[in-house]
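>>> Pasting a predicted model and its sequence here:
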Amino acid sequence: MAKETARMITRLAAAIGSLYIAMSPVYALDFLHEPIKRIPQTLDVSPDKAAIGKKLFFDPRLSVDNSISCAHCHNLDEKGGADALRHSFGVQGREGLVNAPTVFNSALNSTQFWDGRAKSLEDQVDGSVQAHAEMASTWPQVVEKLRADAEYRRLFLRSYKTDINPANIKHAIAEFERTLLTPNSRFERYLKGDENAINAEEKDGYRLFKSYGCVACHQGRNVGGNMFQVLGVMGDYFSDHKVENKADYGRFNVTGRQEDKYRFKVPSLRLAVLTAPYLHDGSHTSLAETIRTMAKYQLVRNIPDEDVRSIIHFLYTLPGEYEGKSLEPVTREHLNFLPENKVASQ
């Protein structure tokens with residue numbers, strides 16, 4: 001029943017998209033009612049607590065052997081808040097079961113992890129610190145290490161008015177993660193009414209993104225991250241792709257309900273151009289390949305190369321700024337799938 005409902009929603013989105021295509025010659029963009037919304041400039045956080053969280057985010061003492069920090073899987077400087085690996089690995093080289101999503105804009109997600117098992121950023125920190133294939137630590141171990149550091153004791157006492165404990169460690173890291181927003185993208189400026197912020201091909205890519213029905217799942221402030229969907233809602237993905245491990249069962253691992261088998265949190269596309277590989281298992285290395293897979297199994301559509309190209313151009317408008325610096329790549333490597341006689345403009 002749940003899968004059939006999802007199919008009906010997807011079909012409706014596609015039908016609305018087809019109507020939109022028909023109307024497009026006379027359609028004027030309604031910036032206030034677009035399915036994708038603007039990212040807030042800031043969230044309500046404590047600067048002092050977020051500063052402690054930033055220090056903790058880069059501190060390897062959260063791991064059992066002092067070898068990795070949160071930044072190990074979530075590189076803020078070079079890899080779009082992810083790690084560019086198919087499966088992330090933790091202490092002692094232990095390989096995880098899934099691809100690490102970006103930590104940027106994670107505060108805008110409705111839940112955390114691909115299966116949504118963490119309801120908050122604080123819960124996500126709790127899971128990562130204790131997971132065998134991640135930091136493999138325990139809270140007593142972490143607290144003992146941090147209490148041995150006079151600077152941490154001073155910072156926590158000043159900001160939390162208490163001794164260091166698991167709750168305020170998790171809260172501090174979550175506060176820092178709430179600062180990891182990427183507003184002010186070119187697409188954000190377009191949504192504010194600046195028609196010149198994105199070019200004609202990028203606008204066409206957005207039109208196609210809506211008309212094919214991609215916005216049925218990828219919408220809102222984070223262009224995703226706010227709902228769950230079956231991988232293969234309109235086609236049997238896992239009959240064509242072998243189940244590799246229990247993570248492939250998705251939300252089922254949390255709820256135990258059959259209707260949640262192969263259901264995953266829809267990923268944000270805000271930084272998609274920076275965070276290959278794709279899908280929960282990191283099995284897709286390019287955006288073109290991922291778009292075609294999603295079209296086949298989620299929409300029962302075959303998207304031609306020229307439309308794939310335009311959609312990718314649109315995706316390049318979504319990265320915003322972090323610490324005043326644009327995250328949008330200078331080159332458009334995801335367009336390299338095109339034939340040589342269709343060289344993509346830079």
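Nice, thanks for sending it over.

>>> what about R154, neighbour count?
10 (other CB atoms under 10 Å). (Each C-beta comes from the backbone N, C-alpha and C, glycine too.)

>>> so it is in which element?
helix 150-160 (DSSP states H and E).

>>> buried sites along whichever helix or strand A172 is part of?
Using DSSP H and E, A172 maps to helix 166-177. Residues 166, 168-177 are the ones in helix 166-177 that count as buried (16 or more other CB atoms under 10 Å).

>>> Measure how buried R38 is and give me the count.
17.

>>> Relative to E188, how far out is it?
5 Å (CB to CB, to the nearest Å).

>>> ok, now which ones touch the residue nearest the centre of the chain?
Taking CA atoms, centre = their mean, the centroid of the chain lies closest to S268, which sits 3.7 Å from it. Taking CB atoms under 8 Å, 6 or more residues apart in numbering, we find S268 in contact with 101-102, 105, 108-109, 222-225.

>>> Pick the one among these closest to S211.
V223 (16.0 Å; CB to CB).

>>> nearest spatial neighbour of that closest one, skipping sequence neighbours?
Leaving aside its sequence neighbours, V223 sits nearest to L269 (CB to CB, 6 or more residues apart in numbering; 4.2 Å).

>>> Tell me the spacing between the one you found and S69.
Computed as CB to CB, the L269 to S69 distance reads 26 Å.

>>> What segments of the stretch 201-346 of the chain are strands?
All strands of the stretch 201-346 of the chain, identified by DSSP state E, counting those that start in this stretch, fall at 228-230, 263-265, 321-322, 325-326.

>>> got those strands as CSV, with distance to V129 and mean pLDDT columns?
Putting the strands of the stretch 201-346 of the chain into CSV (distance: least, CB to CB, whole Å; pLDDT from 0 to 100) gives the following:
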stretch, distance to V129, mean pLDDT
strand 228-230, 25, 98
strand 263-265, 21, 98
strand 321-322, 24, 97
strand 325-326, 29, 96
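
>>> Using TSV, please lay out those together with mean neighbour count and distance to D48.
Compiled in TSV, the strands of the stretch 201-346 of the chain are given as follows (neighbours: other CB atoms under 10 Å; distance: least, CB to CB, whole Å):
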stretch	mean neighbour count	distance to D48
strand 228-230	21	35
strand 263-265	24	31
strand 321-322	18	20
strand 325-326	10	24
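
>>> now for those strands, which one comes closest to K192?
Between the strands of the stretch 201-346 of the chain, strand 321-322 lies closest to K192; by CB to CB that is 14.4 Å.

>>> Pull the residues that contact the closest one.
By CB under 8 Å, 6+ apart, strand 321-322 touches 76, 104, 180-185, 327.

>>> partners of that strand, with directions?
Using DSSP bridges, the strands paired with strand 321-322 are strand 325-326 (antiparallel).

>>> what's the strand it pairs with in contact with?
Looking at what lies outside strand 325-326 - CB under 8 Å, 6+ apart - the contacts are 319-320.

>>> can you give me how far that strand is from the chain middle?
19 Å (CA atoms, centre = their mean, to the nearest Å).

>>> can you check stretch 305-320 too?
Relative to its chain's centre, stretch 305-320 lies at 17 Å (CA atoms, centre = their mean).
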